[in-house]
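In: sharing a model prediction with you, sequence too.
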Amino acid sequence: MKQGFVCLACTVALAGCSSVGVGISVPIGPISIGVGVGSGGVSGSVGVSAGGVGGSVGVSAGSGGLSGNVGANAGPLSAGVGVNAQGQANGSVGVGGNVSVGPATVGISGSTGAVLSPSLPNAQRQRGAGDQVAP
C-alpha cells in the first residue's frame, strides 16, 4: 500500500512538470557522474552528496543549445540555477526518485523552471533610439 501511494504521489508531482527525464549516475568515491535524457534533451552532470543533501554541476544539450547549471538537492526535492546558450539565467525546482542497480543509481525526475533574467544581447536590442544609456 505504501509503495502504491508513493508511486501515485510521484506520478501526480511529475504530471505538473515542464521537463521530465530519466538518468543514471555512477558513484566514484564521494562524487557521482551522471547522464540523462529527457524532454529537454541530453544532459551530463558531476555531483557530490552526503546524507541526502547534495550539489551538482551539469551541462545539457537540447533544442535551445548548450546550457550549464548548478543545483542542490535534499531528499527527493531539487533546485537549481543555470545559464542557457542565449545568456539567460534560469531557475528550476523539481522532484524525483531513484533506485540502486548494482553500483549505479537509476532515477526519474521532473522539473519546472522560469527565466530569471533576459539575455544581455536581447536587452540591448530592445532599447529604443531615444532611450537614455547610463554612463
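Out: That came through fine.

In: can you pull the contacts of Val99?
Out: Val99 makes contact with Thr105, Val106, Gly107, according to C-beta atoms under 8 Å, 6 or more residues apart in numbering. C-beta here means a position set from N, CA and C on the backbone, and glycine is covered the same way.

In: buried residues in the helix or strand encompassing the second one?
Out: Val106 is part of strand 104-117, with elements assigned from DSSP states H and E. Neighbour-count burial for strand 104-117, with 16 or more other C-beta atoms under 10 Å as criterion, is recorded at Thr105, Gly107, Ile108, Ser109, Gly110, Ser111, Gly113.

In: then stretch 31-48?
Out: Buried, per 16+ other C-beta under 10 Å, within stretch 31-48: Ser32, Gly34, Gly36, Gly38, Gly40, Gly41, Ser43, Ser45, Gly47.

In: wait, which of the residues you listed is closest to Ile24?
Out: Distances from Ile24 to those, taken as C-beta to C-beta, are shortest for Gly34 (6.4 Å).

In: touching, that closest one and Val26? I think so.
Out: Yes - between Gly34 and Val26 there is a contact at 7.5 Å, judged by C-beta atoms under 8 Å.
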